[in-house]
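1. okay, here's the prediction I keep looking at, along with the sequence it came from:
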Amino acid sequence: MENKALKARLSSLKREDFFNIANLHIHSNVSDGKEDFDALVKEAQKLGLKHISITDHNTVEGYKKTEFLNDPLLIPGVEFDCFFQTTLIHILGYGIDFKSPHIEKLCAKNKNETKLDIVRLFHSRHPKDAIEGIHKAGGIAVFAHPCCSSVLSLDYLVKKLKSFGLDGIETYYPYNRHRGIIKFHSRKKPFELAKKYGLLLTGGTDEHGSLG
């Protein structure tokens, strides 16, 4: 089921909104972040953010326990580790029904699959399966930090993901920490590809610590 309301909400966001009132890529200590899930929501409230998504790696356990599930600023999300051909990529799911069996099937089976990079590497999914699962759970699928994809042609990769049903591409991203070093494409390329393939533009800091 297409999440038209969420697509409209995200489409309304402008370039200056990302990082100022919107942060759609955050990790809590439910996966490999340092901060408590609910503490991050409280920080977002204090900072005046209007749209956030806590997108823990391969798990939605934070949404099952949070006291802020009905807060309108919180968009249920997840980040799935995927392999396409020889390339490790990440697919973000937004607006999902986190109780859906289609999401449960994709989620980690143990804690290490949410935290340790090397374990996650060997428990990845095909992006087609991740995108289909996100859609069946009522969400939209977005290609995370695309400039870090180790492919010769980012255009080819995005075209393939689009054929699997990709809805958006993360265009507003700081490329800090190790992703600032392991970067294979220019920051301009995702904007060009979003326009070429009619994809939503999203963004987030990929925060693993405090929002403040």
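-> Received it, and whenever you're ready, just let me know what you need.
2. what residues does the helix or strand Ala39 falls within touch?
-> Assigning secondary structure by DSSP states H and E places Ala39 in helix 37-47. Helix 37-47 is contacted by residues 23, 26, 28-30, 33, 35, 52, 54, 62, 65-68, 71, 73-74, 210-212 when judged by C-beta atoms under 8 Å, 6 or more residues apart in numbering. From N, CA and C alone the C-beta is placed, and that goes for glycine too.
3. 7 Å instead?
-> Identification of contacts with helix 37-47 by C-beta atoms under 7 Å, 6 or more residues apart in numbering yields 26, 28, 30, 52, 54, 62, 66-68, 71, 73-74, 210-212.
4. then stretch 60-73?
-> So stretch 60-73 is contacted by 28, 30, 37-38, 41, 44, 49-52, 54, 56, 74, 76, 78, 98, 103, 107 (C-beta under 7 Å, 6+ apart).
5. now the two most distant members of the contacts of helix 37-47.
-> The distance between the two most remote of the contacts of helix 37-47 (C-beta to C-beta) is 20.0 Å, for Glu67 and Gly212.
6. next, the most centrally placed residue in the chain: secondary structure please.
-> What sits nearest the mean C-alpha location of the chain, by C-alpha atoms, centre = their mean, is Leu92, with 2.8 Å. Under DSSP: H, G, I helix; E, B strand; the rest coil, Leu92 falls in the strand class.
7. quick check, it in contact with Asp81.
-> No: look at Leu92 against Asp81 with C-beta atoms under 7 Å: they stay out of range, at 11.3 Å.
8. for Leu92, give the beta-bridge partners.
-> According to DSSP bridges, the residues that bridge with Leu92 are Glu79, Val142.
9. identify the residues contacting it.
-> Counting by C-beta under 7 Å, 6+ apart, Leu92 has contacts 25, 55, 77, 79, 142, 144, 170.
10. hmm, back to that, what about the contacts of stretch 60-73, which are in helices?
-> 37-38, 41, 44, 103 (DSSP state H).
11. circling back to that earlier point, farthest-separated two in the contacts of Leu92?
-> Gly77 and Glu170 (11.9 Å).
12. next structured bit after the least confident helix or strand in the chain by mean pLDDT?
-> Within the chain, no helix or strand scores below helix 117-121, which has a mean of 71 by mean pLDDT, DSSP states H and E. Note on helix 117-121: by DSSP H and E, the next helix or strand toward the C-terminus is helix 127-136.
13. run through the neighbouring helices and strands of that next one.
-> Secondary-structure packing of helix 127-136 (3 or more C-beta pairs under 7 Å, 6 or more residues apart in numbering; DSSP states H and E): strand 77-84, strand 87-94, helix 101-106, strand 140-143.
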